[in-house]
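Undergrad: Sequence unavailable; structure follows:
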């Protein structure tokens, strides 16, 4: 595995990777919320990820976007941001995805460690990430726990209006 910064020609590949990685999660959310609420809240999830990746890889933000290459092709990525905190800057892993063909191989953990090292180098004193508490997010929770993160459970409620 080789970690590198984002290149403009990565975008479409990473969008496809993201859709493949997050489809089971979105299917789980659809099952849990039901079709009407899911359609209103997450119904455009593929376009939402396209928009998010386009924003996260804008030229002024690329220095906070790591790509993991395997055999010369992107296999995963991590994006991170810096926020002010009471004891100093805090780093947030804003998006982490690993191609399903490479999940459970240690790639996610390597990306988490690389993002934490980059945040530390940027002066961050704390790193945090958020993920779902449902079954579909179990591997993400396990990766963050293995990376030394301490969970603080929250509950997100939604309803159709």
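TA: Perfect, thanks for sending it. It should be emphasised that the depicted structure is a prediction, and the values quoted were computed from it without experimental measurement.

Undergrad: doesn't residue 16 fall inside a strand?
TA: No - under the criterion used here (DSSP: H, G, I helix; E, B strand; the rest coil), residue 16 is helix, not part of a strand.

Undergrad: quick one, strands of this protein?
TA: 2-5, 65-70, 73-83, 90-98, 126-129 (DSSP state E).

Undergrad: Please report how far residue 123 lies from residue 113.
TA: The spacing between residue 123 and residue 113, counted by Cβ to Cβ, to the nearest Å, is 18 Å. C-betas here are computed from N, CA, C, even on glycine.

Undergrad: still on that earlier bit, for the strands of the chain, give me a markdown table that also has distance to residue 158 and mean pLDDT.
TA: Supplementary listing: these in a markdown table, determined by distance: least, Cβ to Cβ, whole Å; pLDDT from 0 to 100:
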| stretch | distance to residue 158 | mean pLDDT |
| --- | --- | --- |
| strand 2-5 | 36 | 94 |
| strand 65-70 | 29 | 96 |
| strand 73-83 | 24 | 97 |
| strand 90-98 | 21 | 97 |
| strand 126-129 | 21 | 97 |
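
Undergrad: Adding mean neighbour count and distance to residue 13, write those strands out as a markdown table.
TA: A markdown table is the format used below for those (neighbours: other Cβ atoms under 10 Å; distance: least, Cβ to Cβ, whole Å):
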| stretch | mean neighbour count | distance to residue 13 |
| --- | --- | --- |
| strand 2-5 | 13 | 13 |
| strand 65-70 | 20 | 9 |
| strand 73-83 | 20 | 5 |
| strand 90-98 | 21 | 12 |
| strand 126-129 | 18 | 23 |
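
Undergrad: Take the ones you listed and write them to a markdown table, including distance to residue 59.
TA: Below are the strands of the chain laid out as a markdown table (distance: least, Cβ to Cβ, whole Å):
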| stretch | distance to residue 59 |
| --- | --- |
| strand 2-5 | 11 |
| strand 65-70 | 11 |
| strand 73-83 | 14 |
| strand 90-98 | 17 |
| strand 126-129 | 24 |
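
Undergrad: For residue 88, which residues are in contact?
TA: 123-126 (Cβ atoms under 8 Å, 6 or more residues apart in numbering).
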